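S.K.: The following block contains a protein sequence and its predicted model.
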Amino acid sequence: MEQPQPFYREAGSGAGVLCLHSNASSSSQWRTLMERLAPDFRVIASDGYGAGKSPPWPADRRIGLKDEVALFEPLIAQAGEPVALVGHSYGAAVALVAAVLHPQRIRSLVLYEPTLFALVDAHTPPPNAADGIRDAVARSQRALDAGDGDGAARCFIDFWMGDGAWARTPDARKAPIRESAINVSNWGRSLLDEPTPLQAFAQLQMPVLYMTGARSPASSLAVARLLVKALPHVKVIEFEQLGHMGPVTHPDIVNEAIERFLGQH
């Protein structure tokens with residue numbers, strides 16, 4: 001079977017940086033970071049399955065984070081190995097799995113709240129801190145099953161950004177989010193069923209920048225508590241005024257930290 005090809009955007013020249021976006025988003029979320037890094041780095045931002053202009057999620061089989069890695073893997077060589085991976089949320093989870101699969105091809109990791117909820121379940125069986133995202137995914141899927149795409153998007157966005165966030169979202173931005181939310185159960189299964197154990201991440205030897213927002217949901221902060229203890233070469237930054245969507249809502253603050261870290265590594 002022919003390997004699907006991802007859509008990507010690129011800018012600049014120099015050491016390679018590959019950016020992976022969050023759920024309900026696309027490579028476009030990294031435009032300002034790409035502009036910032038382009039003078040010193042070759043930056044590629046890829047659309048994942050079912051996002052932007054990349055192929056949709058396969059209808060005939062269930063895929064996971066390793067399949068997401070396989071989708072963008074050709075871009076690692078294109079960016080220039082060893083590459084720095086920058087990921088937010090779901091994209092950060094994919095970046096971590098990529099580092100386990102291809103450690104020699106990754107020189108550093110920049111992560112904003114990877115959503116590897118399977119680690120929370122493996123550490124403490126439910127009920128646990130991952131119940132919040134489990135409930136949000138279930139409510140979103142019920143809305144989809146009822147033909148309410150707007151309701152599905154609202155459940156998902158309000159979970160991550162707070163009650164009323166969907167209502168405050170500009171209409172121009174709602175359509176692509178609403179369209180991508182049809183994948184909510186796929187996202188949930190990929191993140192809650194990911195089999196890579198915590199110990200595998202403890203073996204990673206590349207430097208890692210791990211960013212969190214103090215106002216983020218308990219589900220993603222529970223993942224952070226496990227990973228920052230496991231990763232052997234990690235620098236942690238907590239943004240007191242930001243939440244889980246910090247790279248989107250406050251890109252200048254987050255991008256400054258990313259640029260500084262990449263310049264050091």
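M.R.: Arrived safely, thanks for sending. Residues are numbered from 1 along each chain as shown.
S.K.: so how far is E194 from S28?
M.R.: To E194, S28 is 26 Å away according to CB to CB, to the nearest Å. C-beta: built from backbone N, CA, C; applies to glycine.
S.K.: So those two - more neighbours on which side?
M.R.: E194 (22 against 14; other CB atoms under 10 Å).
S.K.: what sits against the closest residue to that one other than its chain neighbours?
M.R.: Of all residues not flanking E194 in the chain, A118 sits nearest, at 4.4 Å (CB to CB, 6 or more residues apart in numbering). Going by CB atoms under 8 Å, 6 or more residues apart in numbering, A118 touches L191, L192, D193, E194, P195, T196.
S.K.: next SSE after the helix or strand hosting A118?
M.R.: In this structure, A118 sits in helix 117-123 according to DSSP states H and E. Downstream of helix 117-123, the next assigned helix or strand under DSSP H and E is helix 131-145.
S.K.: Give the buried residues for the least confident helix or strand in the chain by mean pLDDT.
M.R.: Lowest mean confidence among the helices and strands of the chain (mean pLDDT, DSSP states H and E): helix 171-180, at a mean of 90. Neighbour counts using 16 or more other CB atoms under 10 Å place K174, P176, I177, R178, S180 of helix 171-180 among the buried residues.
S.K.: Could you point out the helix or strand that follows that helix?
M.R.: Assignment by DSSP H and E places the next element after helix 171-180 at helix 184-192.
S.K.: mean confidence score for that next one?
M.R.: Averaged across helix 184-192, pLDDT comes to 95.
S.K.: Surely E81 is within a strand?
M.R.: No. Secondary structure of E81 (DSSP: H, G, I helix; E, B strand; the rest coil): coil, not part of a strand.
S.K.: State whether G16 is indeed within a strand.
M.R.: Yes. Using three-state DSSP, the assignment for G16 is a strand.
S.K.: ok, now how distant is it from V97?
M.R.: 19 Å.
S.K.: Read off the pLDDT value for the most far-flung residue of the chain relative to its centre.
M.R.: Within the chain, A146 marks the point farthest from the mean C-alpha position, 27.7 Å out by CA atoms, centre = their mean. You'll see A146 listed with a pLDDT of 97.
S.K.: Backbone torsions only: list them for it.
M.R.: phi -90, psi 0 (degrees, to the nearest 10).
S.K.: F117 and G132 touch, don't they?
M.R.: No. Using CB atoms under 8 Å as the test, F117 is too far from G132 to be in contact (9.6 Å).
S.K.: Show me the common contact partners of the two, please.
M.R.: S219.
S.K.: Looking at these two, which one has more neighbours?
M.R.: The neighbour count for F117 versus G132, taken as other CB under 10 Å, is higher for F117 (27 against 17).
S.K.: Might you report the residue contacts of that one?
M.R.: Counting by CB under 8 Å, 6+ apart, F117 makes contact with A130, I133, R134, L191, L192, S219, V223.
S.K.: Looking at those, which one is closest to A45?
M.R.: L191 (20.7 Å; CB to CB).
S.K.: Kindly provide the distance from the closest one to H88.
M.R.: 14 Å.
S.K.: Equivalent analysis for G14, please.
M.R.: Counting by CB to CB, the gap from G14 to H88 is 22 Å.
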